[in-house]
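Novice: I'll drop the sequence and a predicted model, then ask my questions.
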Amino acid sequence: MTLRKIIRHRLFKITCLIILTIIIISIIVFLTRSDSEIKDITDKITNSNECTKEKTTFTVPPIDLDNITSIIPLGNLNPSAHTFPTGHMYYNIKTENDEFDSPTIEADLYAPIDATIENISVMTFKNDNPPSKDYSISFRTCEDFRFYFIHATSLSSRLLDEIVLEDDDCDEYETGGRIYENCWKEVDIDIQAGEVIGTVGSGMRTNFDFGVIDSRITPHTYANPERWKNNEDKFYKVCSTDYYEGDLKQALEDKLGDWSGNKRTIEPICGTIAQDEPGTAQGLWVLKGTEEITKEDSHIALVHDNIDPRIGVFSIGTSLESIGIKSGTYRFDPQEFGEVNLDFNLIKPNGKVLCYEVGESFQDQDNSFSILITLTSDNALKIGPLYSLECGNSPWSFEEYIEFER
């Protein structure tokens, strides 16, 4: 063996010995730490994504309080795109001259908490001339807590720089009689509470959506949970106002109500989306034969109003238009007994046909009919029109009907 090879061999052995010594010393140092020091290290690793109170308490309103005229509670109905109770709250924006039909102001949109932005999407409204667009922003603060804004009218320059879209990042669909193109981008952007992330309002953009998904809660109850297995967020959507504290929480709750100033006074004060009562007619119903729910247009909801839960509401999608019931909301005063206007949660699967004299409806369509329904089993319902404003006396029978299922 040459002298050079001997030197290289010895250097290699010395290097290996040094590395081994460092590893042994490191292990000894770690093992000689106190239990509390080891626990601190373990906690930092384990709890870095834990949903502590600090990570789930909003401290900044999404826009200045003076610019919020009202907040629509959870469960708003706006068929056919929102035939089911809506899973986010609408924050209505101040108008330029404080009149309902005047343009809204443009307001800065703030991050309500330290968070990480995970997704930004651009929605183009293809029916507008010219097409218009707005933005949605999705956040996470920890493993089980997420929130989002929809209908931001602009993004901060910092976020806008992140929107580099490819053709395969987009899809086009139709709902509520309108055509949309949605493009999205996965991002990883840390933001701080109070940081301006964009704007909302301006022109006739009257509100924006603020939604929260808290996977720590007891899941909402649905009559057929399997129906929603591809939409797990539906089990965990909650009120954004519930995650504020103190005077700020009270100030936001004082704004809960509709566009006209009617306040919600019945608990839960911020509304609810899950109204299914298994074994009754109350709740969500999908058009018979539906395999997967991608849109709400074809379906119906038999629920209660999100401002005054004492009012019963038929939220009707497009499937009944073929038999004379246009898409919309049809309201009535629920009764505790009898066969006319019986509350949905009192209807049992006995095949009896019941009648409803419906009043005010969405978009002021013609209400020259009553509505007949029958629950033929826990998971099967028929619904159709009675061509009379008044129900009259039972028994009733269907001339035409459409079938729905859980």
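Specialist: Sure thing, it's come through.

Novice: for Glu162, give me its contacts.
Specialist: With contact taken as C-beta atoms under 8 Å, 6 or more residues apart in numbering, Glu162 is in contact with 120, 185, 187, 189. Glycine gets a C-beta too; all of them are placed from N, C-alpha and C.

Novice: count of neighbours near the last one?
Specialist: Taking other C-beta atoms under 10 Å as the criterion, the count of residues near Ile189 is 16.

Novice: equivalent analysis for the second one, please.
Specialist: One way to gauge burial is a neighbour count; for Lys185, by other C-beta under 10 Å, it gives 14.

Novice: so how far is Val358 from it?
Specialist: As for Lys185, its distance to Val358 is 44 Å (criterion: C-beta to C-beta, to the nearest Å).

Novice: just the last one next, same as before
Specialist: In this structure, Ile189 lies at 48 Å from Val358, with C-beta to C-beta as the measure.

Novice: also the third one?
Specialist: When distance is defined by C-beta to C-beta, Val187 is 46 Å away from Val358.

Novice: give me the more crowded residue out of these two.
Specialist: Comparing Val187 with Val358 by neighbour count (other C-beta under 10 Å), the higher total belongs to Val358, at 21 against 15.

Novice: the more buried one touches Ser370, doesn't it?
Specialist: Yes: under the contact definition of C-beta atoms under 8 Å, Val358 touches Ser370, with a separation of 6.6 Å.

Novice: in space, what's closest to Ser70 - neighbours in sequence excluded?
Specialist: When the adjacent residues along the chain are set aside, Ser70 lies closest to Asn92, with 4.7 Å between them (C-beta to C-beta, 6 or more residues apart in numbering).

Novice: bridging residues for the one you found?
Specialist: The bridge-partner assignment for Asn92, based on DSSP bridges, gives Ser70, Asn207.

Novice: okay, it: pLDDT?
Specialist: According to the prediction, Asn92 has pLDDT 96.

Novice: coming back round to it: what's the most distant pair in the contacts of Glu162?
Specialist: Largest separation among the contacts of Glu162 by C-beta to C-beta: Lys185 and Ile189, giving 10.6 Å.

Novice: tell me which other helices or strands the helix or strand hosting Thr141 touches.
Specialist: Under the assignment given by DSSP states H and E, the secondary-structure element containing Thr141 is strand 132-142. Counting contacts by 3 or more C-beta pairs under 8 Å, 6 or more residues apart in numbering; DSSP states H and E, strand 132-142 is packed against strand 115-125, strand 145-152, strand 154-155, strand 196-203.

Novice: quick one: buried residues of stretch 108-122?
Specialist: For stretch 108-122, the neighbour count (16 or more other C-beta atoms under 10 Å) marks 108-115, 117, 119-122 as buried.

Novice: let me fix that, I meant to ask about stretch 171-187.
Specialist: For stretch 171-187, the buried set under the neighbour-count rule, 16+ other C-beta under 10 Å, comprises 176, 180, 183-184.

Novice: now do it, average pLDDT.
Specialist: Over the span of stretch 171-187, the pLDDT mean works out to 87.

Novice: and that stretch, how far from the chain's centre?
Specialist: With C-alpha atoms, centre = their mean, to the nearest Å as the basis, stretch 171-187 stands 16 Å off its chain's centre.

Novice: span of it from start to end?
Specialist: By C-alpha to C-alpha, to the nearest Å, the extent of stretch 171-187 from end to end equals 18 Å.

Novice: residues in contact with that stretch?
Specialist: In this structure, residues lying in contact with stretch 171-187 by C-beta under 8 Å, 6+ apart are 78-82, 117-127, 162-165, 169-170, 295-297.

Novice: chain center to stretch 218-229, what's the gap?
Specialist: Centroid displacement of stretch 218-229 relative to its chain, using C-alpha atoms, centre = their mean, is 15 Å.

Novice: let me fix that: stretch 303-316
Specialist: Distance, stretch centre to chain centre, for stretch 303-316: 18 Å (C-alpha atoms, centre = their mean).

Novice: mind listing what's buried in that stretch?
Specialist: Taking 16+ other C-beta under 10 Å as the neighbour-count basis, stretch 303-316 is seen to contain the buried residues 303-307, 309, 311-316.

Novice: mind putting the residues you listed in JSON lines, pLDDT, secondary structure and distance to Asp242 included?
Specialist: Written out in JSON lines, the entries for these read as follows (pLDDT from 0 to 100; DSSP: H, G, I helix; E, B strand; the rest coil; distance: C-beta to C-beta, whole Å):
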{"residue": "Val303", "pLDDT": "98", "secondary structure": "strand", "distance to Asp242": "21"}
{"residue": "His304", "pLDDT": "97", "secondary structure": "strand", "distance to Asp242": "20"}
{"residue": "Asp305", "pLDDT": "96", "secondary structure": "coil", "distance to Asp242": "20"}
{"residue": "Asn306", "pLDDT": "97", "secondary structure": "coil", "distance to Asp242": "15"}
{"residue": "Ile307", "pLDDT": "97", "secondary structure": "coil", "distance to Asp242": "18"}
{"residue": "Pro309", "pLDDT": "97", "secondary structure": "coil", "distance to Asp242": "17"}
{"residue": "Ile311", "pLDDT": "95", "secondary structure": "coil", "distance to Asp242": "23"}
{"residue": "Gly312", "pLDDT": "96", "secondary structure": "strand", "distance to Asp242": "26"}
{"residue": "Val313", "pLDDT": "96", "secondary structure": "strand", "distance to Asp242": "24"}
{"residue": "Phe314", "pLDDT": "97", "secondary structure": "strand", "distance to Asp242": "29"}
{"residue": "Ser315", "pLDDT": "97", "secondary structure": "strand", "distance to Asp242": "24"}
{"residue": "Ile316", "pLDDT": "97", "secondary structure": "strand", "distance to Asp242": "30"}
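
Novice: kindly confirm my reading that Leu248 is in a strand.
Specialist: No: with the criterion set as DSSP: H, G, I helix; E, B strand; the rest coil, the secondary structure at Leu248 is helix rather than a strand.

Novice: contacts only, for it.
Specialist: 59, 61.

Novice: can you rerun that using 10 Å?
Specialist: Residues counted as contacts of Leu248 (C-beta atoms under 10 Å, 6 or more residues apart in numbering) are 58-61, 65, 241.

Novice: now list the buried members of those.
Specialist: Among the contacts of Leu248, the ones that count as buried by 16+ other C-beta under 10 Å are 58-61, 241.
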